[in-house]
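K.L.:
coordinates only, sequence not included:
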């Protein structure tokens, strides 16, 4: 990041740099360290047709980076790896989960299970530069809105609520069109919020609903929120307000967001999610031989 700006360089330079890296056959993965709050400004500068014709590499990250990851998957057909970014890479995988580097190197079927515990808060890397283990002090499994168990399948698509809500009705986030094209496969929409209040989250989820994101979904996965509840209204109530009327299961507190640990999930590939008595399992069919 430049000292006098929130970005590292002008948007044309950043877009050109990203295109060069994604198209370079010698690069196996592009893994930004952090940030990208205004990555939306480069979307109309990326050549998605050229990317669609190229041999894919991995684009790895979450949160801000989903601004680019979702359009790359929808418009260019690339599978992307939603999980820890470069700053999170030193952490060891939690039992039952995989490290993103192992997922990137895998092919065929990979199964991960929810750890049943999570970390409260964040780690200051300046104070703890050698940290490599998640301290999962809080118990917490997955649940289903309205109760019960779930077994759903579909192509995984989604990302961070704060980043994707501005894209919801644009050509860069045509989730309904993707779902119609892949009607035989179905889609699983996953969404997670970082810091927005329940009111902001509810508005964003309603916007996704009105844009048709859930019209052809076989299920919705909501990440465990990092943001606190508001006085008189919780994050869970916000989800229920926006998505409680859907005729598909909604799974809550999935380990796919800003609350560690982060399940490394590949978007755009066949995915099966099951929830039994609070225990969750994700099975994916990865590209490759």
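P.N.:
Yes, it's here. Just so it is clear, the model here is predicted, and its values are computed rather than measured.
K.L.:
switch to C-alpha atoms for all contacts and neighbour counts from now on
P.N.:
Fine.
K.L.:
ok, the nearest residue to residue 259 once chain neighbours are set aside - contacts?
P.N.:
Spatial nearest neighbour of residue 259, excluding adjacent residues (C-alpha to C-alpha, 6 or more residues apart in numbering): residue 226 at 5.7 Å. The contact partners of residue 226, taken as C-alpha atoms under 8 Å, 6 or more residues apart in numbering, are 121, 193, 194, 195, 258, 259.
K.L.:
wait, is the last one part of a strand?
P.N.:
No: the secondary structure assignment for residue 259 gives coil rather than a strand, going by DSSP: H, G, I helix; E, B strand; the rest coil.
K.L.:
check contacts around it.
P.N.:
118, 119, 120, 121, 224, 225, 226.
K.L.:
switch the cut-off to 10 Å
P.N.:
118-122, 192-194, 223-227, 253 (C-alpha atoms under 10 Å, 6 or more residues apart in numbering).
K.L.:
so what strands line up beside the lengthiest strand in the chain?
P.N.:
Of all segments of type strand in the chain, defined using DSSP state E, the longest is strand 150-160. Sheet pairing of strand 150-160 (DSSP bridges) gives strand 187-192 (parallel), strand 270-276 (antiparallel).
K.L.:
could I get the ones you listed as TSV with mean neighbour count?
P.N.:
Output for the strands paired with strand 150-160, formatted as TSV (neighbours: other C-alpha atoms under 10 Å):
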stretch	mean neighbour count
strand 187-192	26
strand 270-276	20
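K.L.:
dump those strands into TSV; add mean pLDDT and distance to residue 154 as well.
P.N.:
Shown next, in TSV, are these (pLDDT from 0 to 100; distance: least, C-alpha to C-alpha, whole Å):
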stretch	mean pLDDT	distance to residue 154
strand 187-192	98	4
strand 270-276	97	5
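K.L.:
to residue 57, which of those lies closest?
P.N.:
Residue 57 lies closest to strand 270-276 among these, at 18.6 Å (C-alpha to C-alpha).
K.L.:
how much does the next helix or strand after that closest one deviate in direction from strand 150-160?
P.N.:
Where DSSP states H and E defines the elements, the next helix or strand beyond strand 270-276 is strand 279-286. Computed by axes from the mean of the first three to the mean of the last three C-alpha atoms, to 10 degrees, the angle separating strand 279-286 from strand 150-160 equals 70 degrees.
K.L.:
all helices for the stretch 51-200 of the chain, in order.
P.N.:
For the stretch 51-200 of the chain, the helices defined by DSSP state H, counting those that start in this stretch cover 66-76, 100-105, 161-164, 175-181, 198-210.
K.L.:
out of these, which gets nearest to residue 279?
P.N.:
Checked against C-alpha to C-alpha, the stretch from these lying closest is helix 100-105, at 21.3 Å.
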